[in-house]
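>>> dropping a prediction and its sequence here:
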Amino acid sequence: MAYAIRVHNYGGPEELRYEDVDTGEPGVGEVLVRQHAVGVNFIDIYQRSGLYKLPSLPAVLGSEAAGEVIGTGAGVEAFKIGDRVAYASAPGAYAAVRRVPVDKLVKLPDAIDYATAAAMMLQGMTARYLLRETYNVGPGTVLLFHAAAGGVGLIACQWARALGATVIGTVSTDAKAELAKANGATHAINVKREDFVARVKEITNGAGCDVVYDSVGKDTFPQSLDCLKPKGLWVSFGNSSGPVPPFELTALKGSLFATRPSLFAYTEKREDLEANAAELFEMVSSGKVQIAVNHRYPLSEAAEAHRALASRATTGSIILVP
């Protein structure tokens with residue numbers, strides 16, 4: 001038995017219940033992990049609310065964490081008891097101890113602590129596929145990144161700047177603007193008092209951006225499309241303000257491209273997962289990307305973590321500590 005956060009009904013943060021659950025023994029291809037830190041992400045809120053339906057209820061929320069292997073199931077050869085591990089796409093992370101399929105796990109380098117790992121696996125690998133695969137960012141790229149002071153945003157701004165890009169970030173306060181610029185944004189736009197479309201046109205001398213990364217959704221659409229140059233790419237990878245409403249393809253004027261990527265699609269194959277994680281670990285270990293673990297809550301206070309994240313009052317990453 002071990003404590004976990006479960007949802008029995010869709011709804012608000014009050015639906016998060018701290019309960020003692022039976023972890024069971026690791027099965028074929030599974031390991032038992034004692035978790036030292038658990039990541040909190042907007043997808044957890046979407047699942048808790050029912051925007052993204054869970055396979056069944058009750059269910060343990062969360063999809064990323066870091067910890068140590070304390071048991072192995074049949075057929076497991078790549079991991080042993082005592083290994084430091086992390087993962088980003090294994091539902092059921094809000095728990096002190098849990099079983100994890102080995103095909104979701106990667107070994108954690110000694111140079112990266114558990115809190116950093118839990119805060120960066122989903123967000124960091126998301127930033128990696130966005131910048132390296134969804135659009136191949138490099139010197140000369142001009143990009144707009146919404147929510148630049150958030151968990152993914154701070155990582156992406158640093159990474160994109162290291163790749164030589166011009167990074168324009170949107171934020172909701174002047175303090176967040178300074179934070180975004182301190183983490184690699186070339187320009188920061190406070191959307192509470194500035195028209196981000198007009199500012200992007202001003203910054204780019206009317207040319208527009210090569211790519212817009214949008215995790216905000218309803219509040220930034222369709223204006224994001226107006227920030228792109230002809231044949232530019234709009235990347236919708238989240239909807240913190242609500243889902244993007246249905247739109248006509250004619251909205252993609254100027255031969256624009258639109259995509260809705262997911263981490264799962266970029267890490268489904270084992271070799272892709274390992275390559276993604278390895279590049280993330282290298283960027284963090286080298287100091288080119290620093291992970292801001294700005295908010296920590298006990299596992300039992302997951303509801304407060306959700307309220308803080310939903311309020312957009314947070315910066316950087318949030319973790320739960322079992």
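Looks like it arrived, so ask away.
>>> end to end on stretch 49-65, go ahead and measure it.
End-to-end distance of stretch 49-65 (Cα to Cα, to the nearest Å): 21 Å.
>>> that stretch: which residues count as buried?
Of the residues in stretch 49-65, 49, 59, 60, 61, 62, 63, 64, 65 count as buried by neighbour count, 16 or more other Cβ atoms under 10 Å. For the C-beta atoms, the positions are set from N, CA and C on the backbone; glycine is no exception.
>>> swap in stretch 10-18?
Across stretch 10-18, burial judged by 16+ other Cβ under 10 Å covers 13, 15, 16.
>>> so which of the buried residues of stretch 49-65 are in strands?
The members of those that map onto strands under DSSP state E are 59, 60, 65.
>>> how about the buried residues of stretch 49-65 in a markdown table, adding distance to residue 111 and pLDDT?
Output for these, formatted as a markdown table (distance: Cβ to Cβ, whole Å; pLDDT from 0 to 100):
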| residue | distance to residue 111 | pLDDT |
| --- | --- | --- |
| 49 | 37 | 95 |
| 59 | 34 | 96 |
| 60 | 30 | 97 |
| 61 | 29 | 96 |
| 62 | 25 | 96 |
| 63 | 24 | 94 |
| 64 | 19 | 95 |
| 65 | 19 | 97 |
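>>> can I get those in a markdown table including distance to residue 110?
Shown next, in a markdown table, are these (distance: Cβ to Cβ, whole Å):
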| residue | distance to residue 110 |
| --- | --- |
| 49 | 38 |
| 59 | 33 |
| 60 | 29 |
| 61 | 29 |
| 62 | 25 |
| 63 | 24 |
| 64 | 20 |
| 65 | 18 |
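>>> closest one to residue 184 out of the residues you listed, please.
The nearest member of these to residue 184, counting by Cβ to Cβ, is residue 64 at 22.7 Å.
>>> roughly how far does the closest one sit from residue 121?
4 Å (Cβ to Cβ, to the nearest Å).
>>> who touches both of these two?
39, 86, 87, 88 (Cβ atoms under 8 Å, 6 or more residues apart in numbering).
>>> give me the lowest-pLDDT entry from those.
Minimum pLDDT for the shared contacts of residue 64 and residue 121 is recorded at residue 88 (92).
>>> with adjacent residues omitted, what lies nearest to it?
residue 121 (3.8 Å; Cβ to Cβ, 6 or more residues apart in numbering).
>>> again, but for residue 283
Leaving aside its chain neighbours, residue 283 sits nearest to residue 289 (4.3 Å; criterion: Cβ to Cβ, 6+ apart).
>>> are we agreed that that neighbour is in a strand?
No: applying DSSP: H, G, I helix; E, B strand; the rest coil, one finds residue 289 to be coil, outside a strand.
>>> neighbours of it, how many?
Residue 289: 24 surrounding residues under other Cβ atoms under 10 Å.
>>> got it, and the one 4 residues further on?
By other Cβ under 10 Å, 19 other residues sit near residue 293.
>>> and for the one 4 residues further on?
Using other Cβ under 10 Å, residue 297 is surrounded by 18 other residues.
>>> what is the three-state secondary structure of the residue nearest the centre of the chain?
With distances taken as Cα atoms, centre = their mean, the residue of the chain nearest its centroid is residue 123 (2.9 Å). Three-state call for residue 123 (three-state DSSP): helix.
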